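> below: sequence and its predicted model.
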Amino acid sequence: MLGGMRLIDLSHDVEDGLVTYKGLPAPVICDFLSREASRRHYAEGTEFHIGRIDMVANTGTYLDSPFHRYSDGKDLADLALESVANLEGVMVTAAPGRAIGPSSFRDLDVRGKAVLVRTGWDVHWKTDQYFEGHPFLTADAADCLVEAGAALVGIDSLNIDDTADLSRPVHTILLGSEVLIVEHMCGIGALPPSGFRFYAVPVKVRGFGTFPVRCFAQVG
């Protein structure tokens, strides 16, 4: 806590062998230069570690930009910092059930805000249950959020879409309107319904549509 302000971490750890989404390779995290090996290059008593990671972009908690879905959409390097940092946030607790419809959002002021959807599915992270029967938004909910002017939508579930629907309507609708998406979040339940700021800044990679983020909320 900093002077009454709390920072709440909303991201999963990325570690060697982590399976984020079945069918995608897990990250390989290793030494490029170990501390022991580095001693040969520096003065006595001086050592460094240089790590290496091989991973797909969709690893851990990550942000999707329009380029993830559309070849002519904004990639990570095109995103303005204002679209991923210091956003006013709204936390929505989804009703029980898999499909999250527009009724969860209709009475909320979400214009220009990050809308974080709490489903509680993050309790299944790193278990087989996480990959089966996850909660998701409906296409009508995505339309509602676009019409209401949301800037970003995050969820603590495997996917913001029903993975059985290969047309991925929610990705299509949100990213087509430049509404950013954050998936595989955690700890959303620690947030108040409103009155917080949200941050999800990815590395500025040209030609990438997705990348892991250390997303967090500033409360107070």
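Perfect, thanks for sending it.

> helix or strand right after the longest helix seen in the chain?
Assignment by DSSP state H gives helix 139-148 as the longest helix of the chain. Scanning forward in sequence from helix 139-148, with DSSP states H and E defining helices and strands, the next element found is strand 152-155.

> other SSEs contacting that following strand?
strand 114-118, strand 136-137, strand 180-183 (3 or more CB pairs under 8 Å, 6 or more residues apart in numbering; DSSP states H and E). Using the backbone N, CA and C atoms, a C-beta is placed for each residue, glycine as well.

> could you redo the last one with a cut-off of 7 Å?
For strand 152-155, the helices and strands in contact under the criterion 3 or more CB pairs under 7 Å, 6 or more residues apart in numbering; DSSP states H and E are strand 114-118, strand 180-183.

> show the pLDDT at residue 95.
Model confidence at residue 95, given as pLDDT, is 89.

> that one - how many residues pack around it?
Using other CB atoms under 10 Å, the number of residues around residue 95 comes to 12.

> how about residue 193?
Under the neighbour criterion other CB under 10 Å, residue 193 is assigned a count of 11.

> check residue 118 too.
Neighbour count of residue 118, defined by other CB under 10 Å: 21.

> output the below-cut-off pLDDT ranges for the protein.
Counting by pLDDT under 70, the ranges of the chain that qualify are 1-3.

> just the strands from it, written as ranges.
If you assign secondary structure with DSSP state E, the strands in the chain sit at 6-9, 28-33, 50-54, 62-64, 87-93, 99-100, 114-118, 136-137, 152-155, 180-183, 194-199, 210-212, 216-219.
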